[in-house]
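Visitor: Build me a structure from this.
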Amino acid sequence: MDMNHPPDRMLLKVKPEIVITFKLLYKYITGSVELGIVLSFFFLWGCGIPTYPHLDPPESSTIKEPLEAEKIFQFGNNPDNNANYFEGYELYYKFYSTDPSDTNLEEEKDSIDLNPSLEKLLLLKYNRMYSLDDLTQSPLIPIYSENKKESFYIYIDFSGITLTLNPYPVVRHEYLAQEIKAARYVSTTDPEDKELVGFFPSDLTAEYSDISEDIISEFCSNIYLVLYVLTYGSYDLIHILHSKPAYLGKIILLTD
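Guide: Next comes the predicted model:
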């Protein structure tokens, strides 16, 4: 756990000179420094300074990056997150060229390492994965209340794409009642006309909005898939919370 951001405590930073000013003001009015301190606190608390709980990503020690030819990502549930806010995990992906001369993957990974955030992923055009059976499901990988403090592994398995010709990877863990089929929610020519598609070779073409023509080559029949995980939660049923993204690794997928 990041001890600089304890999940059960909200931090309110106020300039010391402001506090001193209110102490003197209320002392003059009431003759009581103690009452002045109390009134100062309530005044400043009502100023609307936003404070939100903190969520941590999965511990790096629980992440097992797949070999390039493997098809299974793995990370562990983080039981240290505050169960009042923690709800599960989200997955974000991006495709990259396998051309050895293409350095975009390494450069963008370094950029994310310097400023790890959901905003950074979106800036680099990473895309969220969706549930094939429920487009509105959020987070993609829910963790039930009774399991939030448990230590267990979560797997994202792409092996069925080649073994059983199932174009959708499955998410599973020991407490999940049913495997979750993960899909891409992308558009073709009309940005407003989106559809759920899988990761079968026929689905991996520049026809879709999440694949750049630059990474598709007539001389190469595969591309990299890079995956990040973020812890997901909510506060006051209004504010959505995300942890920093954690790198899960990359695998090779065949293209048409």
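
Visitor: where along the stretch 101-250 of the chain do the strands fall?
Guide: Ranges of strands within the stretch 101-250 of the chain are 127-128, 130-131, 141-142, 153-157, 170-172, 180-187, 194-197, 222-235, 239-242, 246-254, based on DSSP state E, counting those that start in this stretch.

Visitor: Ok, which of those strands comes nearest residue 216?
Guide: strand 222-235 (7.3 Å; C-beta to C-beta). For the C-beta atoms, the positions are set from N, CA and C on the backbone; glycine is no exception.

Visitor: Mind checking the pLDDT average for that closest one?
Guide: Over the span of strand 222-235, the pLDDT mean works out to 96.

Visitor: Direction included, what does that strand pair against?
Guide: strand 86-97 (antiparallel), strand 239-242 (antiparallel), strand 246-254 (antiparallel) (DSSP bridges).

Visitor: JSON lines for those strands, including mean pLDDT?
Guide: Output for those, formatted as JSON lines (pLDDT from 0 to 100):
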{"stretch": "strand 86-97", "mean pLDDT": "97"}
{"stretch": "strand 239-242", "mean pLDDT": "95"}
{"stretch": "strand 246-254", "mean pLDDT": "95"}
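
Visitor: what's the most buried one of those?
Guide: Ranked by mean neighbour count, the strands paired with strand 222-235 are led by strand 86-97 with a mean of 22 (mean count of other C-beta atoms under 10 Å).

Visitor: Relative to the whole chain's centre, how far out is it?
Guide: 6 Å (C-alpha atoms, centre = their mean, to the nearest Å).

Visitor: Tell me how many other residues crowd residue 146.
Guide: By other C-beta atoms under 10 Å, 9 other residues sit near residue 146.

Visitor: Show the model's pLDDT score for it.
Guide: Residue 146 is given a pLDDT of 97.

Visitor: and it, what is it in contact with?
Guide: Neighbour list for residue 146: empty [criterion: C-beta atoms under 8 Å, 6 or more residues apart in numbering].
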